[in-house]
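# Just to be clear, the model below is a prediction. Sequence and coordinates:
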Amino acid sequence: MKIDEFLSTTNFSEKEKEGIRGIFNAMSEESKLAFEERAKELATRSDIEGLKTAIKEIEDSMAQRNHNDEPQDDAFKASLRAYFNDIKEKKNDVRFSPVSVRAASVMTLAGQSPNYGVGIKIDYDTRVHSEPSTKDSLSLRLNKGATSTAITRYVQLDGKEGTAEVVAEGALKPLMSFSYVDAQAVTQKLAVMIKVTDEFEDFTEFFNDVRTRARRELLNVVENEVAVGNGSAGHLQGIAVANGGASYSDTSLNGTVTAPNLVDVILAMAKQINGLGFSANVAFVNYSDYATLKFAKDSTGRSIFADEIARLGEIELIPVSSNTLPQDKVLVMDDRYWNLFINSVSVKDGYGVQAITSGGSTKYVSDLEVNQRTLVFETYVKSYIPGAEVGSTCWGSVAAIKTAIEA
């Protein structure tokens, strides 16, 4: 609505209306002048287009700068600052002064993957890396669970006399007698102790790795002891020893097998086990002997591994590490008869005492004094087989048995 239209709707006198028009015109002129002055500070369309072009040049320069090994930051900053000052002062034809930020020599990133891109950064793998533990194949196969007793007592057949015979009606019946003895198996403790600083427990990955290594070390010892422990003080009763399982002693196949290999050796040992009334179902061999069998080929170069495994029938072939059985040794079993009980590894955490020797003298200090803690890892294992069931196992030398049965 214009000023005259507005005044026509009022009851002001002509003199009053004339005064109002004067005030309005004065205010309008002042507002016009203020707007024109303000408009001088606003960017025009050409200013905006120039700014877009300038920003594009900056982005191109930044991309080039990111590819250089040692960018010339000072020169770049000076040029960039001058550019923005020109924009602020509304100078005509504002342009960014080109600056060379290329490295003085040819830049190479030897060994870097091209997929890293221009922003090569550092990341951190929080796992603690070390060699993997050997597989505890033997103990895992034979373990019957945890034991809650220190001693297991059992009765076993010690011997018998006489046998059944065909007799005539009314004739004297043949006499047969048995003798029994009691025996026992003692649970053995396996333990290892590790000392760490109090701060070490705050580093979760390292602390977890210590616990993992300790547990694996205990289980590796169990694996070895179950295989070759001699049953003396401080040792478990192992299978592949003179006082554990039975060694190969069958002579019925001597000189009868043409070009015997590992499978023939296992079958010969299984024959001994089965002949005593057991049923062989598993064979443990060293990885090296297993590999020799796996790489075997016939005259045409075809692998015969599948054929050899098929010959074993119900006997499962399990490769184990040298910690379990050394190369050339093989263990065949009816694994239902060996009694192995392995408890879970427990961890005890607390303060202990240690001896410190200095200057020829020894003093004892607590872990607390030297900012340490003691970690004790323990497990309990019971391993035994009654004498009457020893024939369910057979162990021996691959080379020796091959020599014995070879035609």
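Perfect, thanks for sending it. Numbers count the residues shown, from 1 in each chain.
# how about the helices of the stretch 151-300 of the chain, start to end?
Taking DSSP state H, counting those that start in this stretch as the test, the helices found in the stretch 151-300 of the chain are 204-228, 262-275, 287-294.
# Kindly compare burial across the ones you listed and name the winner.
Counting by mean count of other C-beta atoms under 10 Å, helix 262-275 has the highest mean neighbour count of the helices of the stretch 151-300 of the chain, with a mean of 21. Yep, even glycine has a C-beta here, placed from its N, CA and C like the rest.
# What is the distance between that helix and the centre of its chain?
Relative to its parent chain, helix 262-275 has a centroid offset of 37 Å by C-alpha atoms, centre = their mean, to the nearest Å.
# repeat for stretch 208-219
12 Å.
# With Gly396 as the reference, name the closest of the helices of the stretch 151-300 of the chain.
helix 262-275 (6.6 Å; C-beta to C-beta).
# for that closest one, packing partners?
On a contact count with 3 or more C-beta pairs under 8 Å, 6 or more residues apart in numbering; DSSP states H and E, helix 262-275 meets strand 282-286, helix 287-294, helix 305-311, strand 329-333, strand 393-397, helix 398-405.
# Out of these, which is closest to Lys195?
Of these, nearest to Lys195 by C-beta to C-beta is helix 287-294, at 34.6 Å.
# what angle sits between that closest one and helix 398-405?
Relative orientation of helix 287-294 and helix 398-405, computed by axes from the mean of the first three to the mean of the last three C-alpha atoms, to 10 degrees: 50 degrees.
# mind listing what Gly159 touches?
Contact partners of Gly159, counting by C-beta atoms under 8 Å, 6 or more residues apart in numbering, are Phe178, Ser179.
# One more: Phe278?
Counting by C-beta under 8 Å, 6+ apart, Phe278 touches Asp334, Tyr337, Glu389, Gly391, Ser392.
# correct me, but the second one touches Glu389?
So that's Tyr337. Yes - if you go by C-beta atoms under 8 Å, Tyr337 and Glu389 touch, sitting 4.3 Å apart.
# So for these two, which residue has more residues nearby?
Glu389 (20 against 17; other C-beta atoms under 10 Å).
# what kind of secondary structure is that one in?
When classified by DSSP: H, G, I helix; E, B strand; the rest coil, Glu389 comes out as helix.
# one step back: nearest to Asp198, out of the helices and strands packed on helix 262-275?
Closest approach to Asp198 among the helices and strands packed on helix 262-275 (C-beta to C-beta): helix 287-294, 41.6 Å.
# Counting by contacts, list what the closest one packs against.
helix 262-275, helix 305-311, strand 316-320.
# Output those as JSON lines; include the columns distance to Glu205 and mean pLDDT.
Converted to JSON lines, those look like this (distance: least, C-beta to C-beta, whole Å; pLDDT from 0 to 100):
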{"stretch": "helix 262-275", "distance to Glu205": "42", "mean pLDDT": "96"}
{"stretch": "helix 305-311", "distance to Glu205": "41", "mean pLDDT": "94"}
{"stretch": "strand 316-320", "distance to Glu205": "30", "mean pLDDT": "94"}
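# Against Ala270, how distant is Gly313?
The gap separating Gly313 from Ala270 is 9 Å, by C-beta to C-beta, to the nearest Å.
# cool, Glu378 as well?
According to C-beta to C-beta, Glu378 stands 38 Å off from Ala270.
# got it, and Ser139?
Taken as C-beta to C-beta, the span from Ser139 to Ala270 is 22 Å.
# One more: Asp4?
Asp4 sits 123 Å away from Ala270, going by C-beta to C-beta.
# same question, Ala185
For Ala185, the distance to Ala270 - C-beta to C-beta - is 26 Å.
# Phi, psi for Lys17 please.
Torsion angles at Lys17 (phi, psi; degrees, to the nearest 10) stand at phi -60, psi -40.
# contacting residues for it?
For Lys17, the contact set (C-beta under 8 Å, 6+ apart) comprises Leu7, Thr10.
# State the pLDDT value of it.
For Lys17, the model assigns a pLDDT of 78.
# for the one 4 residues further on, same thing?
Listed pLDDT for Arg21 reads 77.
# Check whether it really touches Ile3, as I assumed.
Yes - in this structure, Arg21 is within contact of Ile3 by C-beta under 8 Å, at 6.2 Å.
# Map the structural domains onto the sequence of this protein.
The chain resolves into domains spanning 3-88, 137-405 when parsed by automatic domain parsing.
# These into CSV, with extra columns for distance to His129?
Shown next, in CSV, are the domains of the chain (distance: least, C-beta to C-beta, whole Å):
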stretch, distance to His129
domain 3-88, 31
domain 137-405, 9
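# tell me the most buried of those domains?
With neighbours taken as mean count of other C-beta under 10 Å, those reach their highest mean count in domain 137-405, at a mean of 16.
# how far does that domain sit from the chain's center?
In terms of C-alpha atoms, centre = their mean, the centre of domain 137-405 is found 26 Å from the chain centre.
# Quick one: end-to-end distance for it.
For domain 137-405, the first-to-last residue distance is 29 Å (C-alpha to C-alpha, to the nearest Å).
# hey, what's Ser303 bridged with?
Beta-bridge partners for Ser303, by DSSP bridges, are Lys297.
# Pretty sure it sits against Ala296.
Yes - look at Ser303 against Ala296 with C-beta under 8 Å: they come within range, at 7.3 Å.
# Convert the C-alpha atoms of stretch 341-354 to CSV, please.
Taking C-alpha atoms only, stretch 341-354 is exported to CSV below (Å, rounded to 0.1, in the frame of the first residue of the first chain):
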residue,chain,number,x,y,z
PHE,A,341,41.9,-88.4,32.6
ILE,A,342,42.9,-84.7,32.2
ASN,A,343,41.5,-82.0,34.4
SER,A,344,41.1,-78.4,33.2
VAL,A,345,44.0,-76.1,33.8
SER,A,346,43.5,-73.9,36.8
VAL,A,347,45.1,-70.5,37.4
LYS,A,348,46.2,-69.2,40.8
ASP,A,349,47.1,-65.6,41.0
GLY,A,350,48.8,-63.9,44.0
TYR,A,351,52.0,-62.8,45.7
GLY,A,352,55.0,-65.1,46.3
VAL,A,353,58.5,-64.9,47.5
GLN,A,354,61.7,-64.9,45.4
